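1. Quick check, what structure comes out for this input:
(one chain, ligands or ions: 2)
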Amino acid sequence: MSGWVPHYTESKVEQRYSHFKIPLKHEVKYILTDIEGTTSSISFVTETLFPYFNERIEQLKELIHLPVVKQAFEETKQLAKELDGETVKTTDEIIAKLKSWSLADKKITPLKTLQGVIWDEGYKSGALKGHVYADVAPLLEKWTKEGRKAGVFSSGSIAAQRLIFGYSEAGDLTQYFSNYFDTTTGGKREVETYRHIAISLHMNPENILFLSDITEELIAAKTAGFQTIQLVREGNTPHWDKVVSSFNEVDQLIQH
Ligand SMILES: CSCCC(=O)C(=O)COP(=O)(O)O
Ligand SMILES: [Mg+2]
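-> Ligands and ions are numbered 1, 2, ... in the order given. Down below sits the predicted model:
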């Protein structure tokens with residue numbers, strides 16, 4: 001029996017996952033990518049970016065003169081009432097509300113805007129460098145050269161998206177993105193948001209490929225007619241009909 005190889009087990013596994021490898025049905029003209037868990041690690045967001053904001057949140061008090069901060073504070077007051085039934089009035093109360101949302105990883109627009117404001121100084125001073133997986137930049141470059149367009153859809157604000165890719169470990173990747181979408185377009189788990197995105201891109205949904213690690217986001221995009229692939233980086237488990245672990249594998253599923 002020495003040297004015996006269990007072919008049976010291996011082929012069963014291959015059979016079970018073979019549907020993951022069927023190429024996408026429609027031409028991919030546009031690649032729309034999520035950030036956290038897709039281009040970049042979840043740990044960079046939760047263990048570096050969020051704590052960076054939480055530790056510096058008091059600095060917002062000195063930035064109230066900025067229109068972006070003033071408006072986000074007003075929105076925080078309104079949303080504290082609407083979402084949590086709380087009356088929030090003073091600056092200290094606003095900051096406390098924002099901190100509780102941040103610690104709970106709430107994807108609430110004024111919080112995401114203000115995180116971007118604080119991260120701006122971090123990236124520009126060199127204290128922060130955006131994490132991107134090693135396979136991301138080469139494939140963005142390849143797809144762009146092939147005449148495809150790429151865009152970003154994240155809960156992080158558009159300003160924050162430009163920062164993570166503009167000051168990334170792989171250099172300035174903003175050159176590869178034609179569009180950025182955040183929660184001001186709509187929630188990432190809502191079908192209507194993806195319909196809006198397709199309309200604003202003037203594209204047939206079926207020609208847009210959406211990449212994400214989150215099943216609920218993939219369901220919403222697929223329902224809107226997008227092609228979809230789930231990225232399974234470290235710490236995530238596959239829950240979709242097309243699953244890959246890198247952008248190289250995404251490329252293998254695109255028809256050339
Ligand atoms: C723009 S980088 C920070 C990402 C972020 O704030 C976030 O909430 C992650 O959301 P995503 O939709 O990219 O999973
Ligand atoms: Mg994600």
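2. Could you chop the chain up by domain?
-> The chain breaks down into these domains under automatic domain parsing: 23-40+130-253, 46-125.
3. Mean confidence (pLDDT) on the first one, please.
-> Taken as a whole, domain 23-40+130-253 has an average pLDDT of 97.
4. Just checking stretch 237-255 against ligand 2, any contact.
-> No: using C-beta under 5 Å from the ion, stretch 237-255 stays clear of ligand 2, coming no nearer than 13.0 Å. In short, each C-beta sits where N, CA and C put it, glycine included.
5. returning to what we had before: could the domains of the chain be laid out in TSV, adding mean neighbour count and distance to ligand 1?
-> Formatted as TSV, those follow (neighbours: other C-beta atoms under 10 Å; distance: least, C-beta to the nearest ligand atom, whole Å):
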stretch	mean neighbour count	distance to ligand 1
domain 23-40+130-253	19	2
domain 46-125	16	6
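6. the strands in the stretch 1-150 of the chain, which residues?
-> 30-33, 149-153 (DSSP state E, counting those that start in this stretch).
7. Identify the residues contacting the nearest residue in space to Gln59 that is not next to it in sequence.
-> Residue nearest to Gln59 in three dimensions, not counting chain neighbours: Ile118, with 6.6 Å by C-beta to C-beta, 6 or more residues apart in numbering. Shown in contact with Ile118 (C-beta atoms under 8 Å, 6 or more residues apart in numbering): Tyr52, Phe53, Arg56, Ile57, Gln59, Leu60.
8. give me that answer again for 10 Å
-> Leu49, Tyr52, Phe53, Asn54, Glu55, Arg56, Ile57, Gln59, Leu60, Leu63, Ala160 (C-beta atoms under 10 Å, 6 or more residues apart in numbering).
9. Next: Ala170.
-> Thr39, Lys129, Gly130, His131, Val132, Tyr133, Ala134, Val136, Ala137, Pro138, Leu140.
10. which of those residues lies closest to Arg189?
-> Set against Arg189, the nearest of the contacts of Ala170 by C-beta to C-beta is Thr39 (19.1 Å).
11. and the stretch 101-250 of the chain, which residues reach ligand 2?
-> Asp213.
12. one more time with 6 Å, if that's ok
-> Ser212, Asp213, Ile214 (C-beta under 6 Å from the ion).
13. taking these one by one, which sit in strands?
-> Here DSSP state E is the test, and those give Ser212 as lying in strands.
14. Could I get the residues of the stretch 101-250 of the chain next to ligand 2 in CSV, plus columns for distance to Gly235?
-> Shown next, in CSV, are these (distance: C-beta to C-beta, whole Å):
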residue, distance to Gly235
Ser212, 15
Asp213, 9
Ile214, 13
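15. Contact partners for the residue lying closest to Glu234 once chain neighbours are set aside?
-> With sequence-adjacent residues excluded and distances taken as C-beta to C-beta, 6+ apart, Glu234 is closest to Ser41, at 7.3 Å. Going by C-beta under 10 Å, 6+ apart, Ser41 touches Glu47, Thr48, His131, Val132, Tyr133, Arg233, Glu234, Gly235.
16. From the residues you listed, pick the one nearest Gly147.
-> Proximity to Gly147 was ranked across the contacts of Ser41 by C-beta to C-beta; first place goes to Val132, at 22.5 Å.
17. which stretches of this structure form helices?
-> Using DSSP state H, the helices of the chain run over 7-17, 42-43, 50-56, 67-84, 91-103, 109-125, 136-145, 158-166, 191-201, 215-223, 247-253.
18. Mind putting these into JSON lines with distance to Ser178?
-> Shown next, in JSON lines, are the helices of the chain (distance: least, C-beta to C-beta, whole Å):
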{"stretch": "helix 7-17", "distance to Ser178": "33"}
{"stretch": "helix 42-43", "distance to Ser178": "26"}
{"stretch": "helix 50-56", "distance to Ser178": "28"}
{"stretch": "helix 67-84", "distance to Ser178": "24"}
{"stretch": "helix 91-103", "distance to Ser178": "30"}
{"stretch": "helix 109-125", "distance to Ser178": "20"}
{"stretch": "helix 136-145", "distance to Ser178": "9"}
{"stretch": "helix 158-166", "distance to Ser178": "13"}
{"stretch": "helix 191-201", "distance to Ser178": "9"}
{"stretch": "helix 215-223", "distance to Ser178": "18"}
{"stretch": "helix 247-253", "distance to Ser178": "17"}
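19. Thanks again, I'm all set now.
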